[in-house]
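Trainee: Whatever this is, show me its structure:
(4 chains)
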There are 2 protein chains.
Amino acid sequence: MKNKLPPPTVKRLSLYLRAFEGLDHRGVTHISSKGLSEILEIPDTQIRKGLSFIGKTGRRGKGYPVRDLIQRIREILGLKSYIPIILVGVGNLGTALLASKLMKQRGFRIVGAFDVDVSKIGKKFCDVRIQDDSKIPEFVKEYGIKLAILTTPGEAAQHTAEILVSAGISGILNFTPENLSVPPYVKVHNVDFTIEMEFLNYLVNSEDLE
Amino acid sequence: MKNKLPPPTVKRLSLYLRAFEGLDHRGVTHISSKGLSEILEIPDTQIRKGLSFIGKTGRRGKGYPVRDLIQRIREILGLKSYIPIILVGVGNLGTALLASKLMKQRGFRIVGAFDVDVSKIGKKFCDVRIQDDSKIPEFVKEYGIKLAILTTPGEAAQHTAEILVSAGISGILNFTPENLSVPPYVKVHNVDFTIEMEFLNYLVNSEDLE
DNA sequence: TAGATTGTTAATCGATTAACAATC
DNA sequence: TAGATTGTTAATCGATTAACAATC
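Mentor: Numbers count the residues shown, from 1 in each chain, chains lettered A, B, ... in the order given. Here you go, the predicted structure:
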């Protein structure tokens, strides 16, 4: 996995994977870049380029073998049928993610949930017992967890991130609006609805005045 | 608003805005691109370039006036202190967004919530009464709503999007994994946690094998 | 074989970064 | 004025798109 893929390509591979899974489910065995292009509204040339990064995966004249590509992309993205993750901060959003079927469908299983609110600790949501933050290091080590979802309030974010880092977490999906400061070997990926909403608002407004 | 800004710049303007607001709150009146660069871990040259798109907003030798920039960026992004939006699909995620203080803090007010589940209709969450989807067109027209959050199950997404479009909605923040098909004058912006999670997983895995 | 479609090279486009003259 | 920092131009980088020979 030395040759790093362009980040936009990585995100599109996730999209292709979903499409291929859908096609496989419907019994389609091969699809051309043109066909996939029509489904996803992505240029066929971009699809071919992206798929060529992961090897010669297609067959000229025939298209791409759906089953094989599912395997190959999953491999490239490091996906396994079961990827254990933890979630810290069981507020409204945390609870929603805990209950989300989407994460589970994609193989991400929230096996531990943590909060500092004593009124929540010990309770169970969606089969996951909520534990105190102080239990994070032990849990992460015991289950070999690499990834964490951070859904605490902003004020607790940096402090909690530090707990995660020292517990040995390698990647944080950060739903808080805070800029986390972590060592370079820990990857943080920010998800901020409000920025997406502001972006959409801009799109809509700038369109108006064209 | 003719000169379209580069999309990555638009997203960063949202980030700058948050930083400026924080600085203003702490009584800081001016900040240099270098100073902001350290706070946000974004190259100073990128900050200057981005801010130059929205006019000559800084003062050489002194930096950028925080208050003025807040005004200017809000104007460019089309932000108002109150932007009414609706939410369709009051499941776990929908409820979490309804309860989210973050959206409210950024000026986005969910003034209407819709679902098809009769057991939910008529109930109130966070001061918002849940109505049947059939009430969308009337509501959108009455309150002049432009933006909608779509948090229905995937199977209902396309159908619901069509209701939104015919109701006159101009922008949809799509939290479903579906590829919505809408007329070109309607903007859709997709938010997909699972793709972000897969991206993070890739980052962590490809780092391992470097 | 003929037709379809990949895989790849080269061209283009767009965004980031470097550098520095302008100027507060 | 001298020092700091912007605003902008040019260089670089990286991703997208076009084009087409290779080949199934």
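
Trainee: Going along the chain, name the helices of chain A.
Mentor: Shown for chain A, the helices assigned by DSSP state H span residues A:7-25, A:33-40, A:44-53, A:66-76, A:92-99, A:101-105, A:136-143, A:154-167, A:193-208.

Trainee: any chance of the ones you listed in JSON lines, plus mean neighbour count and distance to residue B:15?
Mentor: Where C-beta positions appear, they are placed from N, C-alpha and C, glycine not excepted. Supplementary listing: those in JSON lines, determined by neighbours: other Cβ atoms under 10 Å in any protein chain shown; distance: least, Cβ to Cβ, whole Å:
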{"stretch": "helix A:7-25", "mean neighbour count": "18", "distance to residue B:15": "18"}
{"stretch": "helix A:33-40", "mean neighbour count": "16", "distance to residue B:15": "29"}
{"stretch": "helix A:44-53", "mean neighbour count": "17", "distance to residue B:15": "27"}
{"stretch": "helix A:66-76", "mean neighbour count": "18", "distance to residue B:15": "30"}
{"stretch": "helix A:92-99", "mean neighbour count": "22", "distance to residue B:15": "20"}
{"stretch": "helix A:101-105", "mean neighbour count": "15", "distance to residue B:15": "26"}
{"stretch": "helix A:136-143", "mean neighbour count": "15", "distance to residue B:15": "28"}
{"stretch": "helix A:154-167", "mean neighbour count": "17", "distance to residue B:15": "14"}
{"stretch": "helix A:193-208", "mean neighbour count": "21", "distance to residue B:15": "7"}
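
Trainee: Switch those helices over to TSV; also include mean pLDDT and distance to DNA strand D.
Mentor: As requested, the helices of chain A are arranged in TSV below (pLDDT from 0 to 100; distance: least, Cβ to the nearest atom of the strand, whole Å):
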stretch	mean pLDDT	distance to DNA strand D
helix A:7-25	98	4
helix A:33-40	98	9
helix A:44-53	98	4
helix A:66-76	97	13
helix A:92-99	96	28
helix A:101-105	95	24
helix A:136-143	98	31
helix A:154-167	98	26
helix A:193-208	93	17
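
Trainee: what about residue A:118, how many residues close to it?
Mentor: 8 (other Cβ atoms under 10 Å in any protein chain shown).

Trainee: any residues touching the longest strand along chain A, and which ones?
Mentor: With secondary structure taken from DSSP state E, chain A has its longest strand at strand A:108-115. With contacts defined as Cβ atoms under 8 Å, 6 or more residues apart in numbering or on different chains, strand A:108-115 is touched by A:82-90, A:94, A:97-98, A:103, A:121, A:125-126, A:128-133, A:135-136, A:139, A:143, A:145, A:147, A:149, B:194, B:197.

Trainee: what's the closest residue to DNA strand D within chain A sitting at in phi/psi?
Mentor: Nearest residue of chain A to DNA strand D: residue A:61, at 2.5 Å (Cβ to the nearest atom of the strand). Taking degrees, to the nearest 10, you get phi 80, psi -20 for the backbone angles of residue A:61.

Trainee: how near is it to residue B:132?
Mentor: With the distance defined as Cβ to Cβ, to the nearest Å, residue A:61 ends up 51 Å from residue B:132.

Trainee: ok, what's across the strand from residue A:131?
Mentor: Beta-bridge partners recorded for residue A:131 (DSSP bridges): residue A:114.

Trainee: Quickly note the distance from it to residue A:171.
Mentor: Separation of residue A:131 from residue A:171 (Cβ to Cβ): 20 Å.

Trainee: phi, psi of residue A:145?
Mentor: As for residue A:145, its main-chain torsions (degrees, to the nearest 10) stand at phi -80, psi 140.

Trainee: What's the local residue count around it?
Mentor: Neighbourhood size, residue A:145 [other Cβ under 10 Å]: 21.

Trainee: what does residue A:175 give?
Mentor: Residue neighbour count, defined by other Cβ under 10 Å, stands at 24 for residue A:175.

Trainee: Just the local confidence number for the residue nearest to it when sequence neighbours are not counted, please.
Mentor: Closest residue to residue A:175 apart from its sequence neighbours, by Cβ to Cβ, 6 or more residues apart in numbering or on different chains: residue A:151 at 4.8 Å. Note on residue A:151: pLDDT of 98.

Trainee: tell me the contacts of residue A:151?
Mentor: A:87-91, A:93-94, A:97, A:175-176.

Trainee: switch the cut-off to 6 Å
Mentor: A:89, A:93-94, A:175 (Cβ atoms under 6 Å, 6 or more residues apart in numbering or on different chains).

Trainee: Out of those residues, which comes closest to chain B?
Mentor: residue A:93 (4.6 Å; Cβ to the nearest Cβ).

Trainee: and the closest one, what is it in contact with?
Mentor: Going by Cβ under 6 Å, 6+ apart, residue A:93 touches A:151, B:96.

Trainee: Distance check, it against residue A:147.
Mentor: Residue A:93 sits 17 Å away from residue A:147, going by Cβ to Cβ.

Trainee: repeat for residue A:187
Mentor: In terms of Cβ to Cβ, residue A:187 sits 9 Å off from residue A:147.
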